[in-house]
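Undergrad: Build me a model:
(one chain, ligands or ions: 2)
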Amino acid sequence: MQQKSIDQYESESFKPQSQLQFFDSWQRAIIPFQPLDPAKIGLYACGPTVYDYAHLGNLRTYIFVDILRRTLKLNGYQIHHVMNITDVGHLVSDADSGEDKMEKGARKHNKSAWQIAEYFENKFLSDLAELNIETPETICRATEHIQQQIEFVQQLQDKGFTYQTSDGVYFDSSKLKDYGQLARLDIAGLKSGVRVEAAEKRSITDFALWKFSRGEQRQMEWPSPWGIGFPGWHIECSAMSEHYLGKQFDIHAGGEDHIPVHHTNEIAQSQAKNGHRQASYWMHGYFLQLDQQKISKSGTSLLLSELVQRGFSPLAYRYLVLTSHYRSHLNFSWQSLQQASDRMIKLKTKVSAWPEDGQVDRYFWNKFTEKINNDLAMPQAMAVLSEMIASEIADENKRATLQQMERVLGLDLLKADQVSSEIPLQVITLAEQRWQARKQKNWLEADRLRELILQAGYQMQDQDKGFKLEKTKLSKVTVY
Ligand SMILES: Nc1ncnc2c1ncn2[C@@H]1O[C@H](COP(=O)(O)OP(=O)(O)OP(=O)(O)O)[C@@H](O)[C@H]1O
Ligand SMILES: [Zn+2]
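TA: Ligands and ions are numbered 1, 2, ... in the order given. This next block holds a predicted model:
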């Protein structure tokens, strides 16, 4: 018989008592999690399109997937988590028109599509590492699975689900009885009044499986049975999830914008080819917003590196995200980030004084895992954490309990490192104002603000795309 490791004993003795349950976007209800094979959970989460830096919104979705992954592990499951990298085929418009985002990004950055794919993928992976997001077991690039995608399209063609135009091979959505069920799409409503001219599509809900290069000079293109071109965006996820996880696996996750188009089309492809949806559960993280608008690469963007430049630890952002439920919108503000950062620093300072060798407090542990197992209710789980900290239990037991909670939180609360952000919000606001004044070439105002920042004990260093704030020796003065 195989010996169990200490880690296995440890995990088993802290397995949550409560039933794990999730909100499934297909059924639109919270339902108990029943794995296909308890020995190995298949989890597929759509990865980034690597044509630019990932913004805080994108990263919120990956923090949600990380909490999901850690919760599954906490419940004793082994997982195979697959994340794709979209490095070709995602067009600017989800309606199959416009340029390929990669080719557009290449022009913007004056590099080849292959170079920017590599560059932004690496940047993305380092953002994940800074946020303590665990690395999926498999990370797969669309450009390295062209053959699987071609074979998938071929099978769809053999089953009669495709048609060809001068522009590419399209999926015929009218052939599938419940097309659009995930999003509860009103197909008749969508069709009325819409002209589908650009791609000679027969219907607004049809979508590209393979696009032709059509004499254009493309950097990324491959031969196929239909002609030289490149795959449509949705086919990569159906093909790669099947390649790595099989025709049926447990959970498919992504951001809420994937419900009406990307996941709807992924489901259509797999259902047409295999006769069933590929995943049992469909989970979606809601948007991070700025001034009630979706943060997006093409519109208002905000990067992790900009937070770091302003003196915040990336984990302060993780903390902020954990104070919201993944199924509600989170509106970003510097003030809420500052509050999250202050709370985290306070907590870390407290924890650093607590002795080791305590016992996990079962009352708080059970309460915490009950919240997490109830559709990843992180705000309530964080409230249990605060309750535990404020409780009368011995400090060493608080430490031991927190250590267990950290398996899901991933906030490094027990790490005795320097948390970089103690910059007061007033100073950040002054710096923002000075940056704006400088952009408007209002030098007098910019100098006045610089002086105030200096008086507050900080100095501002201007950089290409933003600024850096550093403490000076005069750091005792406060700003009002
Ligand atoms: N504002 C947001 N908040 C949370 N998740 C988001 C947000 N914007 C995109 N996502 C999610 O981020 C993940 C990566 O998306 P991807 O890299 O394809 O973004 P994108 O569509 O190119 O970004 P954008 O829409 O900002 O141009 C997806 O799961 C997507 O749903
Ligand atoms: Zn996908």
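Undergrad: Quick check: bridge partners of the residue in the stretch 51-200 of the chain that ligand 2 sits nearest to?
TA: At 6.2 Å from ligand 2, N84 is the closest residue in the stretch 51-200 of the chain, using Cβ to the ion. All C-beta atoms are positioned from the backbone trio N, CA, C, and that covers glycine. Counting by DSSP bridges, N84 forms beta bridges with C140.
Undergrad: Closest residue of this structure to ligand 1?
TA: At 1.9 Å from ligand 1, G255 is the closest residue in the chain, using Cβ to the nearest ligand atom.
Undergrad: now that residue, nearest residue through space, not along the chain?
TA: T61 (4.5 Å; Cβ to Cβ, 6 or more residues apart in numbering).
Undergrad: if I read this right, the residue of the chain closest to ligand 1 contacts K294, doesn't it?
TA: No - if you go by Cβ atoms under 8 Å, G255 and K294 don't touch, sitting 9.5 Å apart.
Undergrad: intersection of neighbour lists for the two?
TA: G57, F287 (Cβ atoms under 8 Å, 6 or more residues apart in numbering).
Undergrad: These two: which is more packed in?
TA: G255 (23 against 17; other Cβ atoms under 10 Å).
Undergrad: List the contacts of the more buried one.
TA: So G255 contacts C46, G57, N58, T61, H284, G285, Y286, F287 (Cβ under 8 Å, 6+ apart).
Undergrad: beta partners of Q21?
TA: P32, N374.
Undergrad: pLDDT score for it?
TA: pLDDT recorded at Q21 is 98.
Undergrad: What count of nearby residues applies to the nearest residue to Q17 once chain neighbours are set aside?
TA: In this structure, Q17 finds its nearest non-sequential neighbour in N366, 5.8 Å apart by Cβ to Cβ, 6+ apart. Using other Cβ under 10 Å, the number of residues around N366 comes to 15.
Undergrad: Make 6 the starting number, not 1.
TA: Let's use 6 as the start, then, which means that last one is N371.
Undergrad: so where does N371 fall, helix or strand?
TA: helix 367-378 (DSSP states H and E).
Undergrad: Same question for Q120.
TA: Using DSSP H and E, the element containing Q120 is helix 118-135.
Undergrad: Report all helices and strands that that helix contacts.
TA: Counting contacts by 3 or more Cβ pairs under 8 Å, 6 or more residues apart in numbering; DSSP states H and E, helix 118-135 packs against helix 61-79, helix 106-114, strand 143-146, helix 319-327.
Undergrad: Hey, what's the angle from that helix to helix 106-114? Just curious.
TA: Relative orientation of helix 118-135 versus helix 106-114 (axes from the mean of the first three to the mean of the last three Cα atoms, to 10 degrees): 90 degrees.
Undergrad: export helix 118-135 as CSV, just CAs?
TA: This file holds the C-alpha atoms of helix 118-135, laid out as CSV (Å, rounded to 0.1, in the frame of the first residue of the first chain):
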residue,chain,number,x,y,z
ALA,A,118,3.4,39.4,-33.9
TRP,A,119,5.6,36.5,-32.6
GLN,A,120,7.7,38.9,-30.6
ILE,A,121,4.8,40.7,-28.9
ALA,A,122,3.2,37.4,-28.1
GLU,A,123,6.3,36.2,-26.3
TYR,A,124,6.8,39.5,-24.6
PHE,A,125,3.3,40.0,-23.3
GLU,A,126,2.9,36.3,-22.3
ASN,A,127,6.0,36.7,-20.1
LYS,A,128,4.7,39.9,-18.6
PHE,A,129,1.4,38.3,-17.9
LEU,A,130,3.0,35.3,-16.2
SER,A,131,5.1,37.5,-14.1
ASP,A,132,2.0,39.5,-13.0
LEU,A,133,0.4,36.2,-12.0
ALA,A,134,3.5,35.3,-9.9
GLU,A,135,3.4,38.7,-8.2
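Undergrad: Give the buried residues for that helix.
TA: For helix 118-135, burial by neighbour count (16 or more other Cβ atoms under 10 Å) applies to A118, I121, A122, Y124, F125, E126, K128, F129, L130, D132, L133, E135.
Undergrad: Also stretch 78-98?
TA: For stretch 78-98, burial by neighbour count (16+ other Cβ under 10 Å) applies to 78-80, 82, 84-96.
Undergrad: Same list (the contacts of G260) but as JSON lines, adding neighbour count, pLDDT and distance to ligand 1.
TA: JSON lines is the format used below for the contacts of G260 (neighbours: other Cβ atoms under 10 Å; pLDDT from 0 to 100; distance: Cβ to the nearest ligand atom, whole Å):
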{"residue": "C51", "neighbour count": "24", "pLDDT": "98", "distance to ligand 1": "5"}
{"residue": "G62", "neighbour count": "24", "pLDDT": "97", "distance to ligand 1": "2"}
{"residue": "N63", "neighbour count": "23", "pLDDT": "98", "distance to ligand 1": "4"}
{"residue": "T66", "neighbour count": "26", "pLDDT": "98", "distance to ligand 1": "4"}
{"residue": "H289", "neighbour count": "21", "pLDDT": "98", "distance to ligand 1": "8"}
{"residue": "G290", "neighbour count": "26", "pLDDT": "98", "distance to ligand 1": "6"}
{"residue": "Y291", "neighbour count": "20", "pLDDT": "98", "distance to ligand 1": "7"}
{"residue": "F292", "neighbour count": "19", "pLDDT": "97", "distance to ligand 1": "4"}
